[in-house]
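Participant: what's the 3D shape of this:
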Amino acid sequence: MSEALLGGVLIGLAAAALLFFNGRIAGISGIVNGLAGQGAGERGWRIAFLLGLAGAGVLVMKLTGQVSASPAMTPVLVLAGLLVGFGTRLGNGCTSGHGVCGLARLSLRSLVAVLVFMTAAVLTVVVTRHLAGGAG
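Facilitator: Next up is the predicted model:
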């Protein structure tokens, strides 16, 4: 529980800092999509943000010695990432943009998006765990 709380606080602080210091929303899909066709100044902060995001994950993995997925899962994870990327294009944003930043700005569009995300997540768990006989 304390790890989840710490993670949530850090995500909130990072999103607030990016908005306060750069005037930007910390929506990962928007940051990635903005890399194409942007000038050097716009591209720089995006690359720094994404490198920091990935670097923090590697740092935590090195410090804790924990790896959350086996190498055998790599193809599944790549496919899942591609599907999530496709979904963020359909939903006009991702969970970080809508869920963290959009809800904080009281965006109705983000509220609807988060309700759709969460409904899909609950249905996915129900189907995979209970109907398809997946791990419980």
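
Participant: for residue 92, give me its contacts.
Facilitator: 109, 113 (Cβ atoms under 8 Å, 6 or more residues apart in numbering). No exception for glycine: its C-beta is placed from N, CA and C like everyone else's.

Participant: kindly provide the distance from the nearest residue to residue 27 once chain neighbours are set aside to residue 107.
Facilitator: Among residues not flanking residue 27 along the chain, residue 97 sits closest, at 2.3 Å (Cβ to Cβ, 6 or more residues apart in numbering). Per Cβ to Cβ, to the nearest Å, residue 97 is found 10 Å from residue 107.

Participant: quick one: which of the two has more around it?
Facilitator: residue 97 (23 against 16; other Cβ atoms under 10 Å).

Participant: correct me, but the more buried one touches residue 32?
Facilitator: No. Assessed by Cβ atoms under 8 Å, residue 97 is found out of contact with residue 32, at 10.9 Å.

Participant: which SS state does the residue nearest to residue 27 fall under?
Facilitator: Following DSSP: H, G, I helix; E, B strand; the rest coil, residue 97 is assigned to helix.

Participant: repeat that for residue 35.
Facilitator: Look at residue 35: counting by three-state DSSP, its state is coil.

Participant: who touches it in this structure?
Facilitator: Counting by Cβ under 8 Å, 6+ apart, residue 35 has contacts 43, 46-47.

Participant: quick one, phi/psi of it?
Facilitator: phi -70, psi -30 (degrees, to the nearest 10).

Participant: quick check: it vs residue 28, distance?
Facilitator: Computed as Cβ to Cβ, the residue 35 to residue 28 distance reads 11 Å.

Participant: what's the neighbour count on the residue nearest to residue 99 when sequence neighbours are not counted?
Facilitator: Leaving aside its sequence neighbours, residue 99 sits nearest to residue 114 (Cβ to Cβ, 6+ apart; 5.0 Å). By the measure other Cβ under 10 Å, the count of residues near residue 114 is 18.
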